[in-house]
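Trainee: Mind folding the following:
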Amino acid sequence: MISEEENNNHERLRALSDVLDGLEKATHDESIAVQEVIEELGHKSFASLMLIFSLISTSPASAIPGVTAMVAAIVFILVMQMILGRRCVWLPAFITRRQLSTAKLCKGISWLRKPIHFIESFLKPRLTFLFHRPWIYLPLVLVLGLTLFMPFMEIVPTSGSIASAVIGFFLPPDC
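Mentor: Numbering: from 1, shown residues only. The predicted structure follows:
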(Lines give C-alpha, C1' and ligand atoms only; values in the text may rest on other atoms or scores of the structure.)
Protein backbone atom coordinates (compact mmCIF):
# COMPACT_ATOMS: atom_id res chain seq x y z
CA MET A 1 0.00 0.00 0.00
CA ILE A 2 1.31 3.49 -0.91
CA SER A 3 1.41 6.01 1.89
CA GLU A 4 -0.07 9.47 1.39
CA GLU A 5 3.40 11.07 1.48
CA GLU A 6 4.73 8.69 -1.22
CA ASN A 7 1.65 9.39 -3.34
CA ASN A 8 2.19 13.18 -2.97
CA ASN A 9 5.87 12.78 -3.93
CA HIS A 10 4.86 10.72 -6.98
CA GLU A 11 2.38 13.42 -8.02
CA ARG A 12 5.03 16.14 -7.69
CA LEU A 13 7.44 14.09 -9.78
CA ARG A 14 4.98 14.10 -12.68
CA ALA A 15 5.67 17.80 -13.21
CA LEU A 16 6.98 17.26 -16.74
CA SER A 17 3.88 15.31 -17.77
CA ASP A 18 1.72 17.94 -16.12
CA VAL A 19 3.34 20.64 -18.25
CA LEU A 20 2.59 18.63 -21.39
CA ASP A 21 -0.98 17.97 -20.22
CA GLY A 22 -1.49 21.68 -19.60
CA LEU A 23 -0.15 22.53 -23.02
CA GLU A 24 -2.33 19.95 -24.70
CA LYS A 25 -5.38 21.19 -22.80
CA ALA A 26 -4.72 24.74 -23.99
CA THR A 27 -4.70 23.82 -27.68
CA HIS A 28 -7.70 24.76 -29.81
CA ASP A 29 -8.33 26.11 -33.28
CA GLU A 30 -5.37 26.27 -35.69
CA SER A 31 -3.05 28.32 -33.51
CA ILE A 32 -2.59 29.40 -29.92
CA ALA A 33 -1.09 32.60 -28.55
CA VAL A 34 1.79 32.44 -26.09
CA GLN A 35 -0.42 34.43 -23.68
CA GLU A 36 -2.96 31.57 -23.70
CA VAL A 37 -0.19 29.10 -22.83
CA ILE A 38 0.86 31.31 -19.90
CA GLU A 39 -2.74 31.51 -18.68
CA GLU A 40 -3.19 27.74 -18.93
CA LEU A 41 0.03 26.92 -17.07
CA GLY A 42 -0.50 29.71 -14.53
CA HIS A 43 1.05 33.12 -14.09
CA LYS A 44 3.50 31.74 -11.51
CA SER A 45 4.88 28.92 -13.67
CA PHE A 46 8.33 30.33 -14.45
CA ALA A 47 10.07 26.95 -14.67
CA SER A 48 7.32 25.43 -16.81
CA LEU A 49 7.60 28.27 -19.31
CA MET A 50 11.39 27.99 -19.35
CA LEU A 51 10.98 24.28 -20.05
CA ILE A 52 8.58 24.92 -22.92
CA PHE A 53 10.85 27.46 -24.58
CA SER A 54 13.96 25.35 -24.05
CA LEU A 55 12.13 22.38 -25.63
CA ILE A 56 11.46 24.54 -28.69
CA SER A 57 15.17 25.24 -28.98
CA THR A 58 16.06 21.59 -28.30
CA SER A 59 14.03 20.56 -31.33
CA PRO A 60 15.25 20.82 -34.92
CA ALA A 61 13.79 24.35 -34.87
CA SER A 62 17.12 25.46 -33.40
CA ALA A 63 18.54 25.22 -36.94
CA ILE A 64 16.35 28.19 -37.92
CA PRO A 65 18.40 31.38 -37.57
CA GLY A 66 17.28 33.45 -34.60
CA VAL A 67 15.37 30.75 -32.72
CA THR A 68 18.20 30.03 -30.27
CA ALA A 69 18.76 33.74 -29.61
CA MET A 70 15.03 34.35 -29.11
CA VAL A 71 14.71 31.42 -26.69
CA ALA A 72 17.80 32.68 -24.83
CA ALA A 73 16.25 36.15 -24.48
CA ILE A 74 12.96 34.77 -23.19
CA VAL A 75 14.63 32.40 -20.70
CA PHE A 76 16.90 35.27 -19.57
CA ILE A 77 13.83 37.43 -18.84
CA LEU A 78 12.16 34.60 -16.91
CA VAL A 79 15.29 33.77 -14.87
CA MET A 80 15.85 37.42 -13.97
CA GLN A 81 12.26 37.65 -12.74
CA MET A 82 12.80 34.57 -10.54
CA ILE A 83 16.06 35.96 -9.13
CA LEU A 84 14.42 39.30 -8.39
CA GLY A 85 11.55 37.55 -6.60
CA ARG A 86 8.76 38.48 -9.00
CA ARG A 87 5.63 36.46 -8.25
CA CYS A 88 3.94 36.59 -11.68
CA VAL A 89 5.35 36.01 -15.15
CA TRP A 90 5.76 39.04 -17.37
CA LEU A 91 6.81 38.84 -21.00
CA PRO A 92 6.80 41.64 -23.56
CA ALA A 93 3.64 41.94 -25.67
CA PHE A 94 5.47 41.10 -28.91
CA ILE A 95 6.19 37.66 -27.40
CA THR A 96 2.80 37.02 -25.78
CA ARG A 97 0.97 37.90 -29.02
CA ARG A 98 2.98 35.35 -31.04
CA GLN A 99 0.92 32.47 -32.39
CA LEU A 100 2.04 28.83 -32.24
CA SER A 101 0.65 26.23 -34.63
CA THR A 102 -1.46 23.81 -32.59
CA ALA A 103 -0.74 20.97 -35.03
CA LYS A 104 3.02 21.38 -34.56
CA LEU A 105 2.60 21.87 -30.82
CA CYS A 106 0.52 18.68 -30.47
CA LYS A 107 2.99 16.75 -32.62
CA GLY A 108 5.84 17.89 -30.37
CA ILE A 109 3.85 17.01 -27.25
CA SER A 110 3.10 13.50 -28.48
CA TRP A 111 6.75 12.99 -29.43
CA LEU A 112 7.90 14.10 -25.96
CA ARG A 113 5.50 11.85 -24.00
CA LYS A 114 7.62 8.69 -24.28
CA PRO A 115 10.99 10.21 -23.24
CA ILE A 116 9.35 12.18 -20.42
CA HIS A 117 7.59 9.07 -19.14
CA PHE A 118 10.98 7.30 -19.15
CA ILE A 119 12.64 10.16 -17.25
CA GLU A 120 9.82 10.38 -14.70
CA SER A 121 10.18 6.67 -13.91
CA PHE A 122 13.64 7.42 -12.47
CA LEU A 123 12.86 10.64 -10.61
CA LYS A 124 12.99 10.56 -6.83
CA PRO A 125 13.10 13.43 -4.36
CA ARG A 126 16.69 14.17 -3.39
CA LEU A 127 18.57 17.20 -2.19
CA THR A 128 15.30 19.12 -1.98
CA PHE A 129 16.90 21.77 0.25
CA LEU A 130 18.66 23.02 -2.89
CA PHE A 131 15.31 24.26 -4.22
CA HIS A 132 14.89 26.84 -1.46
CA ARG A 133 16.56 30.19 -0.97
CA PRO A 134 19.51 30.84 -0.94
CA TRP A 135 20.44 27.60 -2.79
CA ILE A 136 17.92 28.16 -5.60
CA TYR A 137 20.13 30.96 -6.90
CA LEU A 138 22.88 28.54 -7.97
CA PRO A 139 20.97 26.84 -10.83
CA LEU A 140 19.34 30.15 -11.76
CA VAL A 141 22.71 31.87 -12.13
CA LEU A 142 24.04 28.93 -14.16
CA VAL A 143 21.04 29.12 -16.52
CA LEU A 144 21.40 32.90 -16.71
CA GLY A 145 25.06 32.55 -17.73
CA LEU A 146 24.18 29.97 -20.35
CA THR A 147 21.55 32.24 -21.91
CA LEU A 148 24.24 34.88 -22.44
CA PHE A 149 26.25 32.44 -24.59
CA MET A 150 23.35 30.98 -26.57
CA PRO A 151 23.13 33.74 -29.22
CA PHE A 152 26.79 33.10 -30.09
CA MET A 153 26.01 29.41 -30.50
CA GLU A 154 23.95 30.21 -33.59
CA ILE A 155 27.23 30.26 -35.54
CA VAL A 156 27.10 26.44 -35.40
CA PRO A 157 23.61 25.31 -36.47
CA THR A 158 21.67 23.28 -33.88
CA SER A 159 24.34 23.78 -31.18
CA GLY A 160 21.68 25.70 -29.26
CA SER A 161 19.92 22.37 -28.75
CA ILE A 162 22.68 21.30 -26.37
CA ALA A 163 22.41 24.52 -24.36
CA SER A 164 18.63 24.21 -24.19
CA ALA A 165 18.90 20.62 -22.98
CA VAL A 166 21.25 21.78 -20.22
CA ILE A 167 18.72 24.45 -19.25
CA GLY A 168 16.09 21.71 -18.97
CA PHE A 169 18.32 19.77 -16.58
CA PHE A 170 18.97 22.80 -14.35
CA LEU A 171 15.40 24.04 -14.11
CA PRO A 172 14.28 24.51 -10.55
CA PRO A 173 10.71 23.74 -9.56
CA ASP A 174 8.41 26.74 -9.70
CA CYS A 175 8.90 28.91 -6.65
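
Trainee: Regarding the protein, what is its longest helix?
Mentor: Longest helix in the chain by number of residues, with DSSP state H as the criterion: helix 102-120.

Trainee: That one packs against which elements?
Mentor: Where contact means 3 or more C-beta pairs under 8 Å, 6 or more residues apart in numbering; DSSP states H and E, helix 102-120 is packed against helix 15-26, strand 31-33. Using the backbone N, CA and C atoms, a C-beta is placed for each residue, glycine as well.

Trainee: mind listing the strands for this protein?
Mentor: With DSSP state E as the criterion, the chain has strands at 31-33, 99-101.

Trainee: For the last one, list every residue counted as buried.
Mentor: Spelled out, it's strand 99-101. If you call a residue buried by 16 or more other C-beta atoms under 10 Å, then strand 99-101 has these buried ones: Leu100.

Trainee: Quick one: neighbours of Phe169, just the number.
Mentor: 10 (other C-beta atoms under 10 Å).

Trainee: returning to what we had before: now do the longest helix of the chain, average pLDDT.
Mentor: In this model, helix 102-120 carries a mean pLDDT of 75.

Trainee: Quick check: which of the helices and strands packed on helix 102-120 is nearest to Leu138?
Mentor: helix 15-26 (19.6 Å; C-beta to C-beta).

Trainee: between that closest one and helix 102-120, how many degrees?
Mentor: 160 degrees (axes from the mean of the first three to the mean of the last three C-alpha atoms, to 10 degrees).

Trainee: wait, Ala33 sits on Thr96?
Mentor: Yes. Contact criterion C-beta atoms under 8 Å: Ala33 and Thr96 qualify, at 6.7 Å.

Trainee: Spatially central, which residue of this protein would that be?
Mentor: For the chain, the residue sitting closest to the mean C-alpha position, by C-alpha atoms, centre = their mean, is Leu51 at 1.0 Å.

Trainee: Look up how far Leu16 lies from it.
Mentor: 7 Å (C-beta to C-beta, to the nearest Å).

Trainee: same check, this time on Ala33
Mentor: Applying C-beta to C-beta to Ala33 and Leu16 gives a distance of 23 Å.
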